[in-house]
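Participant: Quick one, what's the 3D model for this:
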Amino acid sequence: MLRYVLDTVELLDTPKTTGESLASFLRSQGAAGAEISVKTIEGTNGLSTDFVRVFIPGSDGKAVGGSAPTLGVIGRLGGVGARPERIGFVSDGDGCAAALAAAAKLLNMAAQGDVLPGDVIITTHVTGWAPTEPHDPVPFMGSPVDMGTMNDHEVEEAMDAIVSIDTTKGNRTINHRGIAISPTVKSGYILRPSEDLVSVVETVTGERAVVFPLATQDISPYGNNLHHVNSILQPAVATDAPVVGVAITTAVPVAGCATGASHATDIEFASRFAIETAKYFGAGQISFHDAEQFAHLVNLYGEATHLQTFGRTQ
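Facilitator: From the prediction side, this is the model:
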């Protein structure tokens with residue numbers, strides 16, 4: 001797995017990085033039946049970003065008329081580079097790298113005959129020329145496009161559950177280097193952490209799982225003038241599917257626009273977590289939430305989907 005991470009970061013750590021260069025690398029893995037596409041979206045100030053989508057069909061997935069659930073893996077970020085302000089691959093790019101490395105590994109597995117039961121859809125976007133923006137306690141990366149545009153191109157109705165991977169180093173509430181997962185977020189509710197996914201983390205890392213805290217503000221849409229830990233749970237505002245954030249973390253606050261701040265082994269943990277989750281989720285052996293408990297919660301307290309919107313406005 002680490003080889004795929006190193007190859008992916010090498011392709012991302014250049015001012016010439018493009019979605020097509022990543023797509024070419026992914027196609028070289030040779031998986032028959034996979035779909036790899038790139039779409040360039042123009043943003044603000046003459047900047048643009050390339051959205052990369054990878055579809056890997058499963059042996060019993062929906063694409064072949066099967067019943068296995070589809071996992072979505074989203075590499076969340078603003079940009080992989082902050083040129084010309086910063087030279088090099090920025091910390092914020094870790095989520096993109098983890099998602100694309102997982103895609104490469106899954107494609108290679110499929111090419112060799114290790115086909116997962118369920119379909120897997122992996123999405124992210126690539127730009128080496130993203131803006132920076134202020135944030136407490138350390139600066140974040142911005143993006144050439146807004147969050148709504150990102151969700152439009154990264155979140156798909158076919159995804160029955162979503163793993164959202166994002167660098168989550170710019171805070172003082174996660175004091176741990178490696179990866180941490182969030183509680184499950186679904187339809188505006190923050191649910192209890194998935195015991196199944198806690199087990200996957202422990203298997204992948206060989207350590208006790210870390211579950212990071214979420215506030216209600218963190219699962220509301222960007223652009224509402226509320227503080228967000230970062231964009232890791234933004235896919236949850238655009239879907240009814242359960243979403244779990246996989247945070248690549250540090251023991252001290254590190255700016256998202258910092259260069260020289262990425263740790264290949266931590267990115268590898270996140271990639272391997274996504275792959276192991278895809279194996280067991282497609283086989284129906286793990287779940288992101290307790291469906292009966294969620295239905296009872298809604299029956300008792302009503303829908304919370306208003307938290308997926310911008311709420312009351314003047």
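Participant: list the contacts for residue 253?
Facilitator: Counting by C-beta atoms under 8 Å, 6 or more residues apart in numbering, residue 253 touches 137-138, 169-172. C-beta here means a position set from N, CA and C on the backbone, and glycine is covered the same way.
Participant: For those residues, give me CSV that also has pLDDT, neighbour count and secondary structure.
Facilitator: Output for the contacts of residue 253, formatted as CSV (pLDDT from 0 to 100; neighbours: other C-beta atoms under 10 Å; DSSP: H, G, I helix; E, B strand; the rest coil):
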residue, pLDDT, neighbour count, secondary structure
137, 87, 9, coil
138, 88, 18, coil
169, 96, 26, coil
170, 93, 24, coil
171, 93, 20, coil
172, 92, 10, coil
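Participant: Same list, those, but as a markdown table with distance to residue 80 please.
Facilitator: Output for those, formatted as a markdown table (distance: C-beta to C-beta, whole Å):
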| residue | distance to residue 80 |
| --- | --- |
| 137 | 22 |
| 138 | 18 |
| 169 | 15 |
| 170 | 16 |
| 171 | 21 |
| 172 | 25 |
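Participant: So which of those residues is the closest to residue 145?
Facilitator: Set against residue 145, the nearest of those by C-beta to C-beta is residue 170 (20.5 Å).
Participant: what's the closest non-adjacent residue to the closest one?
Facilitator: residue 138 (4.6 Å; C-beta to C-beta, 6 or more residues apart in numbering).
Participant: the helices in the chain, which residues?
Facilitator: 2-12, 19-27, 94-112, 147-154, 195-205, 264-282, 291-301 (DSSP state H).
Participant: Give me the contact list for stretch 166-176.
Facilitator: 75-77, 91-95, 135, 137-140, 180, 210, 212-213, 229-232, 245-256, 261.
Participant: Kindly report the same for stretch 202-217.
Facilitator: 168, 173-174, 176, 178-183, 185, 190, 193, 198-199, 201, 226-229, 233, 245, 247, 249, 269, 272-273, 276, 307.
Participant: out of the residues you listed, which are buried?
Facilitator: Buried by 16 or more other C-beta atoms under 10 Å: 168, 174, 178-183, 185, 190, 193, 201, 228-229, 233, 245, 247, 249, 269, 272-273, 276, 307, out of these.
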